[in-house]
Each structure stands twice: as structure tokens, then as C-alpha cells.
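Q: Sequence plus predicted model, see below.
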Amino acid sequence: MLLRKLLLAGASLAALASASFAQDVPAFDAVLKAHAELPAQSFVVPPADAPAYFAKSGRFTAGARQEQVYSNFDAASGLGRPFAGQPLQGFSGIRSLGDDRFLVLTDNGFGNQANSADAMLMFNVFRIDWEAGRVGIEKTVFLSDPNKVVPFPITSEVSDTRYLTGA
């Protein structure tokens, strides 16, 4: 009986809180004025000083290591992995720089730490052509730790450049 009363009281409080919250949210009219897209098969070449290992990405996404480029076909996405190069898709953050330019942080890999050792972390500056519906890349900055500030071992620990990955 006490449990039932507690549950009813909790449900009442939740209903009151959500009703109060809904009233505090201002309404905004939103109208889509333009659209641009980055094709799914958009990749960038790793920096020249990066270990050759980073020329491919997505080796570990099939559960077992795959070295042959495009050998693991995914019917759902229509893409084969591993990829030649580093993927641009999957953004963790985006900030407008004005003038149709955006600073974009790539996601941290392919879904988890175990399958993202070959996914390099990077920022990109994109310029959007809204009329043509295209995304152009102005600049790519790969994240690295050459001064050994990161307090734990990284994938490219033995290289001078120490590029950071999703692992």
C-alpha cells in the first residue's frame, strides 16, 4: 500500500514538473531555407607525416581485423570497409564561423573504443554552398600529442607525431 502511494505521488510530481517545463519553453517557428549534404563516401587523406597505418580506416568494424580495402560490405549502408583514407562523416560538434563556414569536430570513431584504433580525430573547416547544396572542405586539422601530454598510452604511441584516434 505504501509503495502504491509513493508511486502515485511520484507520478503526480513528474506530471506537474513536465507540465511546468512545457510552459517555460518558448515556441519558435522553424522554416528550412536551404539544404546541403556531404556524400557518405567522403574521405580525407591522412597527413604525410602520419604512420602508413592510417591510410586505411574501419579495419576493426567487422568484429575481426580486415585489411583488404572494401572487403567487408555492409548491406544496410551500401559501403564496404575498411575505407581508403579517413572518413569525414560523423560529427560530434559544430560551430558557425560566419560567412557560411563551420568548424566541425569529427566523432570519435566507429562506435566504440575497441573498433576505432584506426579512426583519426580531426577538426574540419567546411564552407557550405547553400545554392548548390554542397559542402566544401577548407581545412583539416588532425589532433596529435607530440609533447606527450595525454597521460595514457595511445594508438600511435611509438610515432613522433602521436596522432590521436578514437581508441
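A: On my side now, so go ahead. Numbering: from 1, shown residues only.

Q: end-to-end on stretch 134-152?
A: One end of stretch 134-152 sits 39 Å from the other (CA to CA, to the nearest Å).

Q: Tell me how far that stretch lies from the chain's centre.
A: 13 Å (CA atoms, centre = their mean, to the nearest Å).

Q: Give the buried residues for it.
A: Neighbour counts over stretch 134-152 (16 or more other CB atoms under 10 Å) mark 135, 140, 142, 144 as buried. Using the backbone N, CA and C atoms, a C-beta is placed for each residue, glycine as well.

Q: same check, this time on stretch 91-111
A: For stretch 91-111, by 16+ other CB under 10 Å, it's 102-110.

Q: still on that earlier bit, how about the buried residues of stretch 134-152, which pair is most distant?
A: Val135 and Ser144 (24.6 Å; CB to CB).

Q: which residues of the protein fall in strands?
A: 43-44, 56-57, 72-74, 79-81, 83-84, 86-87, 91-98, 101-106, 122-129, 134-142 (DSSP state E).

Q: just to revisit the earlier point, need the buried residues of stretch 134-152 in CSV (columns: distance to Thr165 and pLDDT).
A: As requested, these are exported to CSV (distance: CB to CB, whole Å; pLDDT from 0 to 100):
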residue, distance to Thr165, pLDDT
Val135, 24, 93
Thr140, 15, 96
Phe142, 10, 96
Ser144, 10, 95
